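**Student:** turn this into a model:
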Amino acid sequence: MWSRDFGLFFAARAVARLGDTMLPVALAAGLLQHGYGAGAVGLAMAATAAAFAGLVVFGGVIADRFSTRRLMIGADLVRLGTQALAAALFFADHVVLWEICAIGFANGVAGAVFQPGVASTVPRLATDIQGANGAIRIAESAAQLAGPALAGLLVGFASPGGVFAAHAATYAISALCLLLIRLPPLPPGARAPRSGSHAFRADLVEGWREFRARTWLWGVIAVWCLYMIAVWGPSVPLVAAEVVQQHGPRAYGLINSALGAGTVVGGLIALRLRPRRMLRAGAIALFGFAAFPASVGAGLGVPAMAAGAAVAGAGLSFWGVMWATSVQTQVPADVLNRIHAYDVAGSLAMMPVGQALAGPAASVLGTDHVLLGSGAVSLVVCGALLAVPAIRDLVRADAPRREPS
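**Tutor:** Sure, this is the predicted structure:
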């Protein structure tokens, strides 16, 4: 797994993820310092999320038609330029909300072009695809822990502009690592991109047809929409509000750190365990996520909530590795970028809905009841995943065949 080329890709993903986790701190601190409120911070973040979610499917088609490495390098260079521009605006104390939102939108477009290529690059660089996904998940989890703390230090000792400059530098490092990679050719038999005025639409339709043809694939995404609306969407803002109000920001930081540490543990477990039915094992591990919202909703102490967050992080991380590896090994290489794009779009589409409904639901039912309900729905989601035979019984692509006795 640890070849020179995979090591470069691993470094690119880890450094870029570190920068991405610094961005919310920079946006919040910078906009608040310049007289904007929390709504402006949310708007700036939403500009990036909306562009990414709306265009990632088209990014998948583009990635299947052109060199994924060049597209990813180009996307990194675009984000290097936009974040350098944002840093210059903050250093010059010339901060206008619509300009920051426009920069965020451009970042989202670049991310939509970049992300589909990640799925097809891992199988081309590593023969141990599950191990590669586990290693990347560990690196991203570690970055999630370190990024906000590093951003806070930069804001304290420099300024928000310094965080944006550091973020721009992470894209420069990522682009350099990707430039140095020697990407192997596609497997024999991969279809060449079609040409013609209707080719783009035809590729888009073909990607959707390939997506629908796999019950295990669209079945997981359908169940995941419920997960985003009723579990992940409301859990993130409501846990933050409840813990900060009841126990203070330090307790919330501790619980967040426990969640991140749990995701590292889940990645480490995914490096070792090689279940024959990966989605079944992942769904069983995902049962642990219910401990996170349920422990907060039940009003348990900070140590118990931190323990619940750690268990939740481990289960979610293990599921993520099982799911990514299943997609990358079960889907043909020539449509993988498009399938991954539909996967990402479907997974993220309902998250804003859950976040938007969290506040009204908490006002009517109470935050604790909504969080307890999220914990219960999390269990239902895991049960639904295990109830679908196509998901439960999917055998890993590299599993040895069992000879009849």
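
**Student:** residue contacts, the residue nearest to the spatial centre of the chain?
**Tutor:** Nearest to the geometric centre of the chain sits Val344, at 8.3 Å (C-alpha atoms, centre = their mean). With contact set as C-beta atoms under 8 Å, 6 or more residues apart in numbering, Val344 has these partners: Val56, Gln115, Pro116. C-beta: built from backbone N, CA, C; applies to glycine.

**Student:** ok, the last one - contacts?
**Tutor:** What that stands for is Pro116. Pro116 neighbours (C-beta under 8 Å, 6+ apart): Val56, Gly59, Gly60, Ile62, Ala63, Asp64, Thr68, Asn337, Arg338, His340, Ala341, Val344.

**Student:** make it 6 Å
**Tutor:** For Pro116, the contacting residues are Gly59, Gly60, Ala63, Asn337, His340, Ala341, by C-beta atoms under 6 Å, 6 or more residues apart in numbering.

**Student:** neighbour-wise, which of the residues you listed leads?
**Tutor:** Gly60 (31 neighbours; other C-beta atoms under 10 Å).

**Student:** I'd say it and Asn337 touch.
**Tutor:** Yes: using C-beta atoms under 6 Å, Gly60 is in contact with Asn337, at 4.7 Å.

**Student:** circling back to that earlier point, what does the residue nearest to the centre of the chain show for phi and psi?
**Tutor:** phi -60, psi -50 (degrees, to the nearest 10).

**Student:** measure it to Leu300 for me?
**Tutor:** 34 Å (C-beta to C-beta, to the nearest Å).

**Student:** go on, Ala213?
**Tutor:** Ala213 sits 45 Å away from Leu300 when distances are taken as C-beta to C-beta.

**Student:** those two: which has the busier surroundings?
**Tutor:** Leu300 (15 against 9).

**Student:** tell me the phi and psi of the more buried one?
**Tutor:** When quoted as degrees, to the nearest 10, the phi and psi of Leu300 stand at phi -70, psi 170.

**Student:** quick revisit: can I get the contacts of Val344 in TSV with secondary structure?
**Tutor:** Putting those into TSV (DSSP: H, G, I helix; E, B strand; the rest coil) gives the following:
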residue	secondary structure
Val56	helix
Gln115	helix
Pro116	helix
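
**Student:** could you dump those to CSV with pLDDT?
**Tutor:** Shown next, in CSV, are those (pLDDT from 0 to 100):
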residue, pLDDT
Val56, 82
Gln115, 85
Pro116, 82
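
**Student:** which one among those residues gets closest to Gly152?
**Tutor:** Gln115 (26.9 Å; C-beta to C-beta).

**Student:** so who does the closest one touch?
**Tutor:** Applying C-beta under 6 Å, 6+ apart, one finds that Gln115 lies in contact with Val56.

**Student:** separation between it and Ala345?
**Tutor:** Looking at Gln115 against Ala345, where the rule is C-beta to C-beta, the gap reads 10 Å.

**Student:** overlap in contacts of the two?
**Tutor:** Counting by C-beta under 6 Å, 6+ apart, the shared contacts of Gln115 and Ala345 are Val56.

**Student:** okay, and for the stretch 201-350 of the chain, where does confidence drop off?
**Tutor:** The model of the stretch 201-350 of the chain has pLDDT under 70 over residues 249.

**Student:** kindly recompute the last result at 90.
**Tutor:** In the prediction, the stretch 201-350 of the chain carries residues with pLDDT under 90 at positions 201-214, 222, 224-226, 228-261, 271-272, 299-302, 324, 327-350.

**Student:** show me the helices in it, by range?
**Tutor:** With DSSP state H, counting those that start in this stretch as the definition, the stretch 201-350 of the chain shows helices at residue ranges 215-227, 233-247, 249-272, 278-286, 291-297, 302-330, 336-349.

**Student:** which residues touch stretch 92-105?
**Tutor:** Residues outside stretch 92-105 that contact it (C-beta under 6 Å, 6+ apart) are His34, Ala40, Ala44, Ala47, Thr48, Ala51, Thr82, Ala86, Leu89.

**Student:** next: stretch 391-400.
**Tutor:** Contacts with stretch 391-400, where a contact means C-beta under 6 Å, 6+ apart, come from Trp216, Gly219, Arg276, Met278, Leu279, Arg280, Thr329, Gln330, Leu385, Leu386.

**Student:** give the buried residues for that stretch.
**Tutor:** Using 16 or more other C-beta atoms under 10 Å as the burial criterion, the residues of stretch 391-400 that qualify are Ile391, Leu394, Arg396.

**Student:** where does confidence bottom out across these?
**Tutor:** Of all these, the model is least confident about Arg396, whose pLDDT is 88.

**Student:** that one in helix, strand or coil?
**Tutor:** The three-state assignment at Arg396 reads coil, by three-state DSSP.

**Student:** ramachandran angles for it?
**Tutor:** On the backbone of Arg396 - angles per degrees, to the nearest 10 - the values are phi -60, psi 150.

**Student:** now swap in Leu357 and tell me
**Tutor:** Geometry field for Leu357 lists phi and psi as phi -80, psi -10, criterion degrees, to the nearest 10.

**Student:** can you give me the neighbour number for the closest residue to Trp224 other than its chain neighbours?
**Tutor:** On the basis of C-beta to C-beta, 6 or more residues apart in numbering, the spatially nearest residue to Trp224 that is not a chain neighbour turns out to be Ser347, at 5.4 Å. Counted by other C-beta under 10 Å, the residues lying close to Ser347 total 18.

**Student:** and Asp5, by the same measure?
**Tutor:** Other residues within reach of Asp5 by the criterion other C-beta under 10 Å amount to 17.

**Student:** neighbouring contacts of stretch 124-144?
**Tutor:** Contacts of stretch 124-144 (C-beta under 6 Å, 6+ apart): 1, 5-6, 9, 13-14, 17-18, 21, 122-123, 184, 260, 263-264, 267, 270-271, 317, 321, 324-325, 328-329.
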